[in-house]
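**Q** kindly return the folded structure for what I paste below:
(chains A and B)
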Amino acid sequence: MAFAAFGGSAPAVAGAANRKGGKIVLALLLPGLIYLGLFFLTPLFSLIITSLETPDASGAIGVYQYGFEIGNYWSVMTDYLPQIFRSFFYALLATFFALLISYPLAYFIGVKMRARPMLQRLLVTLVIAPFFISFLLRTIAWKQILSEGGPIMQWVHSVGLLSPDQYFIGTPAAVIFGLTYNFIPFMTLPLYTTLERFDVRLIEAGSDLYASPAKVFRKITLPISMPGVISGTLLTFIPITGDYVNASRDFLGSSKTSMIGNMVEADFLQNLRYPTASALSVLLMAVILVIVSVYVKKSGTEDLL
Amino acid sequence: MRKFTKLGLPIYSFLALVFMLIPIAYTIFFSFNDSTRSNTVWEGFTLGHWLNVCDKGAICEALGNSLLIGAVSTLIATVLGTALAIALVRYTFKFRAAVNLGLFLPMATPEVVLGAGLAAFFFNAGFPSGMLTTIIAHVMFCLSFVVVTVKARVQTLDPVLEEAGRDLYANPNQVFWKITFPLLLPGIISAALLSFALSFDDFIITYFNSGSVTTFPKFVYVAASRGVPAEANVIASAVFILAILIVLVVQIAGAVKRRKLAKTN
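**A** Alright, predicted model coming up:
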């Protein structure tokens, strides 16, 4: 449902899923499911197997043999504790800020702009516009806009928000800023899709019954838009925990801001420490699975997509 | 609160949109920067980078790779995903919940896990990474997004239309190609567009699985440590303008069609 905004916005026809069709269903489902089985599920098992490998007897760098080295997980958790902590801490804050920016925006476009459908569509297009331009270049753009000597940083220093010897780029704040920025559309779209269908007469009913606007929001608008909030939170929080571009030294971060993704990248592609990189990925995936299963238990699977 | 929704809300939304669009404007603006090596400081206006994009040979090769990978993976993902979306909306079957979950999980998996997983899989299988492994990876992560987008469209289709076709003795093939497919087409086009955008912009999964093949995002990432040349801004801006034009044309065509329908009714 999160990306329904891409597919046009006519109302859904209820009760459409009612036909049984043995062979046709199989023909429709199998190619896609086999593909996902082969190239999504099997790789996850590959990760688990690799995460348990031990160094080869020859001691050669980057060569490992099959094993059952649970210790890999232990060493990952002790060695990379700061990165693991940072990933979830940054993700939590960036998700919160993204929600803070996205909710009013989605409400404005989805509810207030209903009377003007052309403008509404234009605004939705602006929300998805960042998808069409390289996110690496957008992140580099922020790096340059917020670089020392630029007008914004000069102003920040002149009013004393940062002391003269403090830089912004390379700090955790810069990384959280970049993460927030990059994931706003992922938060706004699902919020927009729920709010767009929200029946405004409920607000009128609430105010007719003398509820204050704040109460109407708390008791009516917010609960009804909760599926969008949850969906947006998942689609923002989860990718952020695995992001490594924003935190990378060449972008908004420094060696002091590295996250899980930076460690997986370095271990897998540069240090050739495949088992550690895999163990770290499996750990991240396990946490994500716990979060998703809590969501599925609460809301079922129909609203996932 | 009421005052806020009257005046504050539009202003807040306007500022949020401006915030979202600043780096886009910056990227386009700096494609006209008369810079020689690193493109960090404004040095005057030039069209030079637009006119000679391919002077830095590697960048156009990377662009070509990205376009090829994007086109092929979009085609495969759109076909597989449309079939899945139709099955999910139109039919009831066992394991429906499992299928929903199986399609959501790739979207919910951090890219670094998808990338490392596939790389470990290809590595363990002794399969060399390159163009093919990149395309395989891209189809995998685009697939779910296609399903979501097309599914939204299938849900708006009244099954009565297909039933009418069947009542008039159309065979399943005819029903699909004469009724279902044309009605789904706008959704399929949006899905393909989204899929292409995701593939074209993907960096993390590509970086793990592309071996020596350079794509456009990979070029930018590698260049980032020394300074990205303005030619990269030119390519990104051109792609952006083209994509926005396509989206606007699709939307305006849709609006005109609806207006016509409203008139005939």
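**Q** check which helix or strand the residue of chain A most remote from its centre maps to.
**A** The C-alpha centroid of chain A is most remote from A:Ser58, which lies 41.4 Å away (CA atoms, centre = their mean). A:Ser58 is located outside every helix and strand, with elements delineated by DSSP states H and E.
**Q** check contacts around whichever residue of chain B sits closest to chain A.
**A** Per CB to the nearest CB, the residue of chain B with the smallest distance to chain A is B:Pro110, at 2.2 Å. C-betas here are computed from N, CA, C, even on glycine. The neighbourhood of B:Pro110, defined by CB atoms under 8 Å, 6 or more residues apart in numbering or on different chains, consists of A:Ile238, A:Pro239, A:Thr241, A:Gly242, A:Asp243, A:Gly261, A:Leu284, A:Met285, A:Ile288.
**Q** what about the closest residue to it other than its chain neighbours, neighbour count?
**A** Sequence neighbours aside, A:Gly242 is the residue nearest to B:Pro110 in space, at 2.2 Å (criterion: CB to CB, 6 or more residues apart in numbering or on different chains). Taking other CB atoms under 10 Å in any protein chain shown as the neighbour definition, A:Gly242 ends up with a count of 25.
**Q** list the contacts for A:Gly242?
**A** A:Gly242 is in contact with A:Ser87, A:Ile260, A:Gly261, A:Leu284, B:Thr109, B:Pro110, B:Glu111, B:Val112, B:Val113, B:Ile204, counting by CB under 8 Å, 6+ apart.
**Q** and B:Asp201, by the same measure?
**A** Taking CB under 8 Å, 6+ apart as the definition of contact, the neighbours of B:Asp201 are A:Phe131, A:Ser134, A:Phe135, B:Pro217.
**Q** next, it: phi, psi?
**A** The phi and psi values for B:Asp201, taken as degrees, to the nearest 10, are phi -100, psi 0.
**Q** got it, and the one 10 residues further on?
**A** When read as degrees, to the nearest 10, the backbone of B:Gly211 gives phi 60, psi -120.
**Q** which residue is the nearest non-sequential neighbour of it?
**A** For B:Gly211, the nearest residue in space outside its immediate sequence neighbours is B:Ser129; the separation is 3.7 Å by CB to CB, 6+ apart.
**Q** one more: B:Thr133?
**A** For B:Thr133, ignoring the flanking residues on the chain, the nearest one in space by CB to CB, 6+ apart is B:Asn209 at 4.7 Å.
**Q** quick one, helices of the chain?
**A** Since no chain was named, I'll use chain A. Taking DSSP state H as the criterion, chain A contains helices spanning A:22-36, A:42-51, A:71-79, A:81-107, A:117-128, A:135-145, A:151-158, A:172-196, A:201-208, A:213-216, A:222-224, A:226-242, A:260-265, A:274-299.
**Q** other chain: chain B
**A** Taking DSSP H as the test, the helices found in chain B are B:2-3, B:9-29, B:48-51, B:57-90, B:96-108, B:111-124, B:131-155, B:159-167, B:172-174, B:181-201, B:204-209, B:216-224, B:230-264.
**Q** how far does the fifth one sit from the chain's center?
**A** If I follow you right, that is helix B:96-108. Centroid displacement of helix B:96-108 relative to its chain, using CA atoms, centre = their mean, to the nearest Å, is 20 Å.
**Q** then the longest one?
**A** For helix B:230-264, the distance between its averaged C-alpha position and the chain's averaged C-alpha position is 14 Å (CA atoms, centre = their mean).
**Q** buried residues of it, list them for me.
**A** By 16 or more other CB atoms under 10 Å in any protein chain shown, the buried positions in helix B:230-264 come out as B:230-237, B:239-240, B:243-244, B:247, B:250-251.
**Q** what's it packed up against?
**A** Using 3 or more CB pairs under 8 Å, 6 or more residues apart in numbering or on different chains; DSSP states H and E as the contact criterion, the neighbours of helix B:230-264 among helices and strands are helix A:117-128, helix A:135-145, helix B:9-29, helix B:48-51, helix B:57-90, helix B:181-201, helix B:216-224.
**Q** CSV for those, including mean pLDDT and distance to B:Asn173?
**A** Rendered in CSV, the data for the helices and strands packed on helix B:230-264 read as follows (pLDDT from 0 to 100; distance: least, CB to CB, whole Å):
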stretch, mean pLDDT, distance to B:Asn173
helix A:117-128, 90, 35
helix A:135-145, 95, 42
helix B:9-29, 96, 44
helix B:48-51, 88, 48
helix B:57-90, 93, 14
helix B:181-201, 90, 11
helix B:216-224, 93, 40
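**Q** would you mind giving the ones you listed as JSON lines with distance to A:Ser102 added?
**A** Supplementary listing: the helices and strands packed on helix B:230-264 in JSON lines, determined by distance: least, CB to CB, whole Å:
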{"stretch": "helix A:117-128", "distance to A:Ser102": "9"}
{"stretch": "helix A:135-145", "distance to A:Ser102": "17"}
{"stretch": "helix B:9-29", "distance to A:Ser102": "8"}
{"stretch": "helix B:48-51", "distance to A:Ser102": "34"}
{"stretch": "helix B:57-90", "distance to A:Ser102": "26"}
{"stretch": "helix B:181-201", "distance to A:Ser102": "19"}
{"stretch": "helix B:216-224", "distance to A:Ser102": "25"}
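**Q** relative to A:Pro275, which of the ones you listed is closest?
**A** When these are ranked by distance to A:Pro275, counting by CB to CB, first place goes to helix B:216-224 at 25.3 Å.
**Q** pLDDT below threshold where in the stretch 151-265 of chain B?
**A** Confidence mapping of the stretch 151-265 of chain B against pLDDT under 70 gives the ranges B:265.
**Q** start and end of stretch B:177-186, how far apart?
**A** 14 Å (CA to CA, to the nearest Å).
**Q** show residues contacting it.
**A** Residues external to stretch B:177-186 that are found in contact with it (CB under 8 Å, 6+ apart): A:7-8, B:82, B:86, B:150, B:153-154, B:157, B:161-162, B:165, B:170, B:250, B:254.
**Q** farthest pair in those residues?
**A** B:Ala170 and B:Val250 (28.4 Å).
**Q** list the contacts of residue 32.
**A** Going with chain A. Contacts of A:Gly32 were listed using CB under 8 Å, 6+ apart, and they are B:Leu80, B:Gly81, B:Ala83, B:Leu84, B:Leu143, B:Val147.
**Q** oops, wrong one, chain B.
**A** When contacts are counted by CB under 8 Å, 6+ apart, B:Phe32 touches B:Phe45, B:Thr46, B:Leu47, B:His49, B:Trp50, B:Ala230.
**Q** how close does it sit to B:Ala116?
**A** 39 Å (CB to CB, to the nearest Å).
**Q** how about the helices of chain A in TSV, adding distance to B:Tyr91?
**A** Formatted as TSV, the helices of chain A follow (distance: least, CB to CB, whole Å):
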stretch	distance to B:Tyr91
helix A:22-36	5
helix A:42-51	27
helix A:71-79	42
helix A:81-107	32
helix A:117-128	30
helix A:135-145	37
helix A:151-158	55
helix A:172-196	24
helix A:201-208	34
helix A:213-216	41
helix A:222-224	30
helix A:226-242	24
helix A:260-265	39
helix A:274-299	22
